[in-house]
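> The sequence and its predicted three-dimensional model are supplied below.
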Amino acid sequence: MYRLPYSNQSEAANSFKKFMSDKNKRYTARPLDRYHPATTRWLLIPSTSCPAYNYGKYSFLIEDKTMLIGLYVEKGLGPKACGLYDPNQIINRNWIWYQFYEDMKSGKIDEIISEIIKNNQQSIYFSVDGYIDDIAKLEYHYVVYEDRIETIKSSNKLDNLNQITRISQIPESLSTLEYLDWMWLNFYIEVPFIKNDVDNNNLNTISEYDLYKNVLEPLEKWVK
């Protein structure tokens, strides 16, 4: 595992905002929870829009001594929920969710995850969390290795998601749910790195350029 040149998620998001601007791309760095910016997930959004549910986003989150860096995609509420919730929360064809869903289904995301694992020579995390109609919370966390997937946390509310062996199995599991329109789901593809303020002299520090090439660039097609 590599050490990062950053000590917190705000620093990382804002540093990459400048890095991306140098590549003639415009991004907004924003905390997911504006009331707790020091502890919440930070996002790099390819827009100035707020809310920005429909966009895929780069994500930066501190967990103990590590920072998780990767992709964050939201599946909003479906057409059946229209009129009962904020219109910004109802999915339409402007949401990156539809492309992300099709790329899960086709196996493209499995391919990209394999590429990221090889780039970084380590396992990565794929996670799904969300809720059903503000009532039941869902949470599934997987460790993805080069040759297998292990479930490390499960809310046991969607049996089909408990024992997946490929990410491409998730769309089929979701398509069987009658209440899918009422489900808000968040998807994460994340690589763990050690923060730069952790005392460990045996780790090499990854450069910002290599972090982009090894993690963010392979995920770039869903950050729009």
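Done, it's in. Numbering: from 1, shown residues only.
> where do the helices sit along this structure?
9-21, 97-106, 108-120, 170-175, 208-211 (DSSP state H).
> what pLDDT does the residue in the chain sticking out farthest from the centre get?
In the chain, the residue that sits farthest from the middle, by C-alpha atoms, centre = their mean, is residue 201; the gap is 29.2 Å. pLDDT recorded at residue 201 is 70.
> ditto for residue 140
Here the pLDDT value assigned to residue 140 is 88.
> If we ignore the residues flanking it in sequence, what's nearest it?
Residue nearest to residue 140 in three dimensions, not counting chain neighbours: residue 128, with 4.6 Å by C-beta to C-beta, 6 or more residues apart in numbering. C-beta: built from backbone N, CA, C; applies to glycine.
> who are the neighbours in contact with the residue farthest from the centre of the chain?
Contact analysis of residue 201 by C-beta atoms under 8 Å, 6 or more residues apart in numbering lists nothing.
> My read is that residue 129 contacts residue 139, right?
Yes - taking contacts as C-beta atoms under 8 Å, residue 129 lies within contact range of residue 139: 4.6 Å.
> how close does the closest residue to residue 98 other than its chain neighbours get to residue 6?
Closest residue in space to residue 98, ignoring its immediate chain neighbours: residue 91 at 7.7 Å, by C-beta to C-beta, 6+ apart. Applying C-beta to C-beta, to the nearest Å, the value for residue 91 to residue 6 is 33 Å.
> Who has more neighbours out of those two?
Shown here are residue 91 and residue 6; by other C-beta atoms under 10 Å, residue 6 has more neighbours (23 against 20).
> Once you drop chain neighbours, what's closest to that one?
In space, residue 6 is closest to residue 12, 4.1 Å off (C-beta to C-beta, 6+ apart).
> repeat for residue 58
Per C-beta to C-beta, 6+ apart, closest to residue 58 is residue 44, 3.9 Å.
> Ok, residue 85 next?
In space, and not counting its chain neighbours, residue 85 is closest to residue 77: 5.6 Å by C-beta to C-beta, 6+ apart.
> ok, what's across the strand from the one you found?
Bridge pairing for residue 77 (DSSP bridges) gives the partners residue 90.
> Tell me which residues touch it, please.
Residues in contact with residue 77, defined by C-beta under 8 Å, 6+ apart, are 85, 89-91, 181-184.
> Pull out the buried residues from these.
With burial judged by 16 or more other C-beta atoms under 10 Å, the buried subset of those is 89-91, 181-184.
> Mind putting these into a markdown table with distance to residue 191 and pLDDT?
Output for those, formatted as a markdown table (distance: C-beta to C-beta, whole Å; pLDDT from 0 to 100):
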| residue | distance to residue 191 | pLDDT |
| --- | --- | --- |
| 89 | 29 | 95 |
| 90 | 32 | 96 |
| 91 | 27 | 96 |
| 181 | 32 | 91 |
| 182 | 32 | 90 |
| 183 | 26 | 89 |
| 184 | 25 | 93 |
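> If you compare the directions of the longest strand along the chain and helix 97-106, what angle comes out?
Using DSSP state E, we find that the single longest strand of the chain is strand 183-194. Here strand 183-194 runs at an angle of 70 degrees relative to helix 97-106 (axes from the mean of the first three to the mean of the last three C-alpha atoms, to 10 degrees).
> just to revisit the earlier point, and the contacts of residue 77, which is closest to residue 115?
Ranked by distance to residue 115 (C-beta to C-beta), the contacts of residue 77 are led by residue 91 at 27.7 Å.
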